[in-house]
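[1] I'd like to go over a predicted model; first the sequence, then the structure.
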Amino acid sequence: MVAKYHIIGGGIAGLTAAKYIKKRDPKAYVIVYDAAEKLGGRCCSYVDKKIGARVDNATHALLRANSEALKIRGKNAKFSQSVFFYDLKKGKLFKKPWRFWREVILALCNTPHCSVSKRVLAKITAKLFPFVRMQQVYFSENDLSEYFIHQLFQYVDEFCGGQVLKEVEHHKFRVNKLVFAKQAVKLGRQDQVIVATDAENARKVFSDLPEVEYSPIINIYFKTSVPLVLPQLKHYIGIAGGTAQWISVSGNIVSATISHAAEQMSRKPDELAREVWRDICQIRGVQPAFMPEYRVLKYPRATLLMTPQNNALRPESCFTKYSNLFLAGDWTMKNWPCSIEAAARSGKRAAKEATSCANHGARGGGEPPRALVSC
């Protein structure tokens, strides 16, 4: 009998799970459900109607150390060989990124360095050192869908959009029915479930999950009449002492990222855009004569806050109290910063356990049920 795998959530975590399920069990039938009508989750590109241009829903960056994410992106990713930082207060460009380690940690964790869990910092240190790895960075260039999501389509046998999971029905610690807002899906004896939604949506279904704190991000996109030229002909520059922490240029789209933007969330989009645009003009050494078309995107729950208290609430594994239901998503990777890399690793981990369960029975031959999340 062919095993069916039901993946709730069509983002990087869910699609990476589909990939590894197919690699471990080529005959498996993989069904992905998502509340949206398209795959990708928060990692996708789209045409923004306001500025009339294609943009990423949020700028993403990859390092050479992000091995799982790079397996999706492919070997042809264009890396910047050195990351420059512009200090707005000093009016000077610096080419040693670790001089600005506070800004680097803020970018990696979306949390101020003084609040980041020591365990998360230890994980970053272990994965990124030597420092040369930080000096090779790939920034998305309004191509997230093409180089991440589209690469994973081939592993999905069936996609069901517009499906919001409401609850799961179970018998003796095994899920036997998925109840969506529009339909109910009965599960077979070998069927496995991977819940790869964000923490907030997972908690709506599983009340046992702990309530966590989030850190927001704001992305601003400017559409210029001609491509801008940054100092040293760079496409990506970190900013110290400004409103945004990173700016990148792809064609005539300039992207700016404001990390841990809690204090900025209530500000008017026009005010934020003008402030960031003034910083960009200062970096380029020109006067801000006028501001181009722009779009401000605010994400109040962009990532988990990487504090010790919040990190302690994250799952120790992908297991739940249900023998055939597993968790995935960057928030499930304890000690890892929330990122494409963490999401991909979580999908791989859940796929390994789900396929083992389908092929060999409940977790190694009768392992007792665990709490929904082991903290």
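    Noted; the coordinates are in hand. Numbers count the residues shown, from 1 in each chain.

[2] residue ranges with poor pLDDT in the stretch 201-350 of the chain?
    For the stretch 201-350 of the chain, no stretch has pLDDT under 70.

[3] check contacts around Asn335.
    Asn335 is in contact with 117, 119-120, 122-123, 311, 314, counting by CB atoms under 8 Å, 6 or more residues apart in numbering. For every residue, glycine as well, the C-beta is placed using N, CA and C.

[4] Mind checking what secondary structure it has?
    Secondary structure assignment for Asn335 (DSSP: H, G, I helix; E, B strand; the rest coil): coil.

[5] same check, this time on the one 10 residues further on
    With three-state DSSP as the basis, Arg345 sits in helix.

[6] Surely it and Pro337 touch.
    No - using CB atoms under 8 Å, Arg345 is not in contact with Pro337; the gap is 11.5 Å.

[7] More neighbours: which of those two?
    Pro337 (25 against 22; other CB atoms under 10 Å).

[8] want to try JSON lines for the contacts of Asn335, with distance to Ser207 and neighbour count as columns?
    Formatted as JSON lines, the entries for those read as follows, by distance: CB to CB, whole Å; neighbours: other CB atoms under 10 Å:
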{"residue": "Ser117", "distance to Ser207": "25", "neighbour count": "22"}
{"residue": "Arg119", "distance to Ser207": "27", "neighbour count": "15"}
{"residue": "Val120", "distance to Ser207": "26", "neighbour count": "24"}
{"residue": "Ala122", "distance to Ser207": "32", "neighbour count": "11"}
{"residue": "Lys123", "distance to Ser207": "29", "neighbour count": "18"}
{"residue": "Asn311", "distance to Ser207": "21", "neighbour count": "22"}
{"residue": "Arg314", "distance to Ser207": "17", "neighbour count": "22"}
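
[9] so where do the helices sit in the stretch 251-375 of the chain?
    Using DSSP state H, counting those that start in this stretch, the helices of the stretch 251-375 of the chain run over residues 269-284, 308-312, 340-360, 363-366.

[10] Highest mean neighbour count out of those?
    Comparing the helices of the stretch 251-375 of the chain by mean neighbour count (mean count of other CB atoms under 10 Å), helix 340-360 comes out on top with a mean of 23.

[11] I'd like to know which elements that one is packed against.
    helix 12-24, helix 67-73, strand 192-195, strand 325-327, helix 363-366 (3 or more CB pairs under 8 Å, 6 or more residues apart in numbering; DSSP states H and E).

[12] would CSV of these with distance to Met1 be doable?
    Formatted as CSV, these follow (distance: least, CB to CB, whole Å):
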stretch, distance to Met1
helix 12-24, 16
helix 67-73, 30
strand 192-195, 13
strand 325-327, 19
helix 363-366, 19
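
[13] Which one of the ones you listed lies nearest to Pro300?
    Nearest to Pro300, of all the helices and strands packed on helix 340-360, is helix 12-24, at 19.9 Å by CB to CB.

[14] which strands and helices sit next to the closest one?
    When contacts are defined as 3+ CB pairs under 8 Å, 6+ apart, helix 12-24 packs onto strand 4-8, strand 29-34, helix 67-73, helix 340-360.

[15] Give me the contacts around it.
    For helix 12-24, the surrounding residues in contact (CB under 8 Å, 6+ apart) are 5, 7-8, 28, 30, 32, 34, 39, 41, 43, 68-69, 72, 148-149, 152, 155-156, 194, 196, 328-330, 340, 343-344, 346-348, 350-352, 354-355.

[16] Buried residues, that helix. List them.
    Of the residues in helix 12-24, 12-22, 24 count as buried by neighbour count, 16 or more other CB atoms under 10 Å.

[17] Let's have those residues in CSV, adding pLDDT.
    Rendered in CSV, the data for the buried residues of helix 12-24 read as follows (pLDDT from 0 to 100):
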residue, pLDDT
Ile12, 95
Ala13, 97
Gly14, 97
Leu15, 97
Thr16, 97
Ala17, 98
Ala18, 98
Lys19, 97
Tyr20, 98
Ile21, 98
Lys22, 97
Arg24, 95
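
[18] Which members of those residues are the farthest-apart pair?
    Considering CB to CB, no two members of the buried residues of helix 12-24 lie farther apart than Ile12 and Arg24, which are separated by 18.4 Å.

[19] how about the strands in the stretch 101-250 of the chain?
    Using DSSP state E, counting those that start in this stretch, the strands assigned to the stretch 101-250 of the chain run over residues 137-139, 158-161, 165-171, 174-180, 184-186, 192-195, 214-223, 236-240, 246-250.
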